[in-house]
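what's the 3D shape of this:
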Amino acid sequence: MSVYGTPPAAPPAPSPVGARAYAAATAVPTPAGTHRSDGHGYSYRFRADVEGLRAVAILLVLIYHAGVPFFTSGYVGVDVFFVISGFLITTQLVSELDRTGRISLVAFYARRAKRLLPAAGIVLAATVLLVRPFVPKVRWEEIGGDILASALYVVNWRLADRSVDYLAEDSQPSPVQHFWSLAVEEQFYLIWPLLILLAALAGGLIGGRTRPTLWVALAAVGVPSFLWAVAASASNPAWSFFVTTTRMWELALGAAVALAARGFARLPRGPSVAVGWAGLAVITASAVLFSTRTPWPGMAALLPTVGTAAVIATGVAAGPNGPVALLGTAPFQWVGGLSYSLYLWHWPLLVAATAYWNGLSVLVGIAVVLFSVVPAWLTYHLVENRLRYSRAISGSPRLALSMGANFSLLGVVAGLFLLLGVPAPTPAPTRVYGLGAAVLGPDPRDDPRGLAPDRVDFITPDPLAATADVPDVYKDKCHQTQADPKLLSCVYGNPQSSVRVVVAGDSKAAQWLPALQLLAAQNDWKLIVYTKSSCSFAWAIIVDGEGKPYKSCQQWNEALLDRLVNVDKPAFVITSQTAREAIDADGKRSAEQMVRGLRASWAAVAAAGAKVIVIADNPSPGLNVYECVDEHRDNLSACTYSRDVRAANGAYTTQVEAVQGQAGVTMIDLFDAICPTARCSPVIGNVLVYRQGAHITATYVKTLTPRLATALTAAGLSASFDPAR
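Residues are numbered from 1 along each chain as shown. A predicted model of the protein is given here:
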């Protein structure tokens, strides 16, 4: 975490706890203070309590990432880092402003460049060396892009976009995902020094008082960010976790402590000791009180951030009886000094180990984290300290900036190297109607042509391109995200046709569009599509990916029913889904409640004159099929899964129960053509069957078009299909 922004230029003198990173100067004496200069006239005092807080923060992160069950919210360590960082950088900038009346942005960024960028560039390059032998090739393109974004410090926005991208549902954690927090801080540091300069200029214009204008600038950043964080984390927690705008208030909180440092230093010792220890206790408690389902960084994030602010604010007044009595001990100081390198190294090693062993136990996770101390120590002593304490680099901001840019360029080159190493996918054939499900007989159950072959001459789509083999609704931007309840729609076929067919539901309904579009074009339908991520077409409360009530899905369903009944008035509604349970009046999840919700929606459109056709859900295979196929192209049977999983996951059994006895509702089932045998094959007729999660590739769905046409006709929707057209 980049909370190490202001080290001295010269190596620190020996101290009881060894070499340390030096924080920005405070304007008051500090406990265990050691005074140093950075060679440019700026002075620094070491805060042992702040150094120890770094240790607390990184230990919480490491324990959480290792998978220790009790620490369900060890991610709060990142929030602790943000507050520390805001405090240190603001202290440095304001101290310089007070002493000299100016701020040298060149010197500021030069210090950051020499402190942070060398280690980051080396870890990004090393990550590529870990990815190539241990991570499947199907992930290289995504990871290469992540490394590029990390080197340019914008990866947090890339991760935020991916968090709300349903097509990324089976994306594994990126080995550079932890760089998101560094990106947040670097973006903050592009804005905050400029605001301080503007505030100082405004203060000069109103009588030379800069403190009031600095507080105004701080409030202008922190207050809107906090309000936005509370709102966004409640409505879209996955996205809000990563973006800069929801995190700036945490850095601003640390900055507020820096601005008020003189006043805090004069607090009575007794209360300061109590508040300091209480703050440390609150930070520790935060690591176990929350979970991944807690909206973050919303109101709950006040606990670790305010706790951190309390420790820092009272550290001077509390003196040796405050938290520094613990945080200033040698183990905390040693870990605190190493925390940046530990943060950089532990996560790529965990991701590589997870990919190699296909998952990690808690003990192995802890072992990997402990092993990360080795490269972290080497990087800290052989790279970080050698460069940041170099007299030549410290004496030349231009050289420091150039060096930092070169190490960032190393990260860019590493990302490009991984991207260029991605093999080119095998070109897909122009026509696929003789492939895939077309090789199976009219009754595909137990057809030997559905058995998994050892290998085939070609696979389409190539596994490396499987995640792009999706329905057009994604390209046409009419598949709604989880966060937004607004109705989006696309129209395919003949927009003027009197035969109106609606596709409604989640991505499992959308997956059938490649076949339905062909049928709409050949049968003169007006095909209207309303789909939303993870949202079943049901008058029911289902849970979202965080396990909470999916409120935007409820709102979307209300709007959709109104649209279908009063505006579209379709002749047929085709639907499918992946959710098998809904929340009942007691707050419990049950299939019975989902059955009631499905029937309620179906009855509403049936009363308006529409017939409902339910396409049976296909299950999740329990593995990333396309990834497995790419790794086992000569042994495809290694990627089979049991047909019995259908009864264990997905919505099939719920759909069967919901359809029974419902007038105007018909269910069609094509699963035998997806999995003809007891062991479901990943490739049938040279066509890859599965893409992301439990979804069928668009190519395989196209090969099911004749069977879907027959089933729809039997259900009352006349559909013919000529493959030659």
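
Verify the contact between residue 333 and residue 50 for me.
No - contact criterion CB atoms under 8 Å: residue 333 and residue 50 do not qualify, at 10.6 Å. Using the backbone N, CA and C atoms, a C-beta is placed for each residue, glycine as well.

got the residue ranges for the strands in the stretch 501-650 of the chain?
In order along the chain, the stretch 501-650 of the chain carries the following strands (DSSP state E, counting those that start in this stretch): 526-532, 572-576, 582-583, 589-590, 611-615, 641-642.

and the fifth one, which strands flank it?
Paired strands of strand 611-615, with direction, are strand 572-576 (parallel), strand 665-668 (parallel) (DSSP bridges).

Likewise for the third one?
Taking DSSP bridges as the criterion, strand 582-583 forms sheet pairs with strand 589-590 (antiparallel).

contacting residues for residue 459?
Under the criterion of CB atoms under 8 Å, 6 or more residues apart in numbering, the contact list for residue 459 reads 426, 629, 633, 683, 686-688.

nearest to residue 132, of the strands of the stretch 501-650 of the chain?
With respect to residue 132, and counting by CB to CB, the nearest of the strands of the stretch 501-650 of the chain is strand 641-642 at 27.9 Å.

which strands and helices sit next to the closest one?
Judged by 3 or more CB pairs under 8 Å, 6 or more residues apart in numbering; DSSP states H and E, strand 641-642 is in contact with strand 679-680.

Next SSE downstream of the strand it packs on?
Per DSSP states H and E, the first helix or strand lying C-terminal to strand 679-680 is strand 683-684.

Could you tell me the average pLDDT over the helix or strand that that following strand is followed by, please?
Counting by DSSP H and E, the next helix or strand C-terminal to strand 683-684 is strand 687-688. Across strand 687-688, pLDDT averages out at 96.

who touches the closest residue to residue 283 other than its chain neighbours in this structure?
Excluding its sequence neighbours, the residue lying closest to residue 283 (CB to CB, 6 or more residues apart in numbering) is residue 307, at 4.3 Å. Residue 307 makes contact with 278-283, 286, according to CB under 8 Å, 6+ apart.

Let me have those in CSV, extended by secondary structure and neighbour count.
Rendered in CSV, the data for the contacts of residue 307 read as follows (DSSP: H, G, I helix; E, B strand; the rest coil; neighbours: other CB atoms under 10 Å):
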residue, secondary structure, neighbour count
278, helix, 15
279, helix, 24
280, helix, 22
281, helix, 14
282, helix, 20
283, helix, 27
286, helix, 26
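
Please give the element, helix or strand, for residue 255.
Under the criterion DSSP H and E, the helix or strand holding residue 255 is helix 248-259.

so after that helix, what's the next helix or strand?
Toward the C-terminus, helix 248-259 is succeeded by helix 261-265 as the next helix or strand (DSSP H and E).

So which other helices or strands are in contact with that following helix?
Helices and strands in packing contact with helix 261-265 are listed as helix 302-318; criterion 3+ CB pairs under 8 Å, 6+ apart.

what's next to the very next helix or strand once past the helix it packs on, contact-wise?
Using DSSP H and E, the helix or strand that follows helix 302-318 towards the C-terminus is helix 324-327. When contacts are defined by CB under 8 Å, 6+ apart, helix 324-327 is touched by residues 31-32, 48-49, 51-53, 55-56, 280, 311, 315, 318, 332, 336.

of the residues you listed, closest to residue 603?
Ranked by distance to residue 603 (CB to CB), the contacts of helix 324-327 are led by residue 56 at 56.7 Å.

Assign a three-state SS to the closest one, would you?
Reduced to three states with DSSP: H, G, I helix; E, B strand; the rest coil, the structure at residue 56 is helix.

Can you name the residues that contact it?
Residue 56 is in contact with 77, 80, 280, 283-284, 327, 332, counting by CB under 8 Å, 6+ apart.

Residue 69 versus that one, what's the distance?
For residue 56, the distance to residue 69 (CB to CB, to the nearest Å) stands at 20 Å.

Residue 679: neighbouring residues, count only.
With neighbours defined by other CB atoms under 10 Å, the count for residue 679 comes to 14.

If it is in a bridge, with which residues?
With DSSP bridges applied, residue 679 shows beta-bridge pairing to residue 642.

Also the one 5 residues further on?
With beta bridges defined as DSSP bridges, residue 684 has these partners: residue 687.

ok, the residue lying closest to residue 236 once chain neighbours are set aside to residue 473 distance?
In space, and not counting its chain neighbours, residue 236 is closest to residue 483: 3.9 Å by CB to CB, 6+ apart. Here residue 483 is placed at a distance of 17 Å from residue 473 (CB to CB).

again, but for residue 688
20 Å.

Can you identify each of the helices in the stretch 51-200 of the chain by residue range?
For the stretch 51-200 of the chain, applying DSSP state H, counting those that start in this stretch gives helices covering 76-100, 105-134, 140-151, 155-163, 179-205.

my guess is residue 692 is in a helix, correct?
No - using three-state DSSP, the assignment for residue 692 is coil, not a helix.

hang on, isn't it packed against residue 469?
No - look at residue 692 against residue 469 with CB under 8 Å: they stay out of range, at 9.6 Å.

So between these two, which is more surrounded?
Here residue 692 and residue 469 are compared on neighbour count by other CB under 10 Å; more neighbours surround residue 469, at 25 against 21.

what's the nearest residue to that one if we skip its chain neighbours?
Counting by CB to CB, 6+ apart, the residue nearest residue 469 is residue 461, at 4.1 Å.

Give the burial count for the one you found, as a bare number.
Using other CB under 10 Å, residue 461 is surrounded by 23 other residues.

what's the most distant pair in the contacts of residue 459?
Greatest spatial distance in the contacts of residue 459: 633 and 687, 14.5 Å, computed using CB to CB.

Which one's more surrounded, these two?
In terms of neighbours (other CB under 10 Å), residue 687 is the more surrounded of residue 633 and residue 687; the figures are 27 against 15.

Can you say which of the contacts of residue 459 are buried?
For those, burial is judged from neighbour counts taken by 16 or more other CB atoms under 10 Å, and it is met by 629, 683, 686-688.

Is residue 662 in a helix, a strand, or coil?
coil.

Number of residues surrounding it?
16.

phi, psi of it?
Main-chain dihedrals, residue 662, degrees, to the nearest 10: phi -100, psi 120.

Assess the claim that it and residue 602 are in contact.
Yes - judged on CB under 8 Å, residue 662 makes contact with residue 602 at a distance of 6.3 Å.

Show me the common contact partners of these two, please.
Shared between the contact lists of residue 662 and residue 602 (criterion: CB under 8 Å, 6+ apart) are residues residue 612.

Any idea which of the helices of the stretch 51-200 of the chain gets closest to residue 302?
In terms of CB to CB, the element of the helices of the stretch 51-200 of the chain nearest to residue 302 is helix 76-100, at 9.5 Å.

If you count neighbours, what's buried in that closest one?
Of the residues in helix 76-100, those with enough neighbours to count as buried (16+ other CB under 10 Å) are 76-97.

Stretch 632-647 too?
For stretch 632-647, using 16+ other CB under 10 Å, the buried residues are 632, 636, 639-641, 643, 645-646.

What residues does residue 448 make contact with?
For residue 448, the set of contacting residues under the criterion of CB under 8 Å, 6+ apart consists of residue 677.

Turn the buried residues of stretch 632-647 into TSV, columns for pLDDT and distance to residue 446.
Formatted as TSV, those follow (pLDDT from 0 to 100; distance: CB to CB, whole Å):
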residue	pLDDT	distance to residue 446
632	92	24
636	94	19
639	95	20
640	95	15
641	93	17
643	92	11
645	89	18
646	88	16
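
Now residue 446. Its backbone dihedrals?
Phi and psi for residue 446, reported as degrees, to the nearest 10, are phi 70, psi 20.
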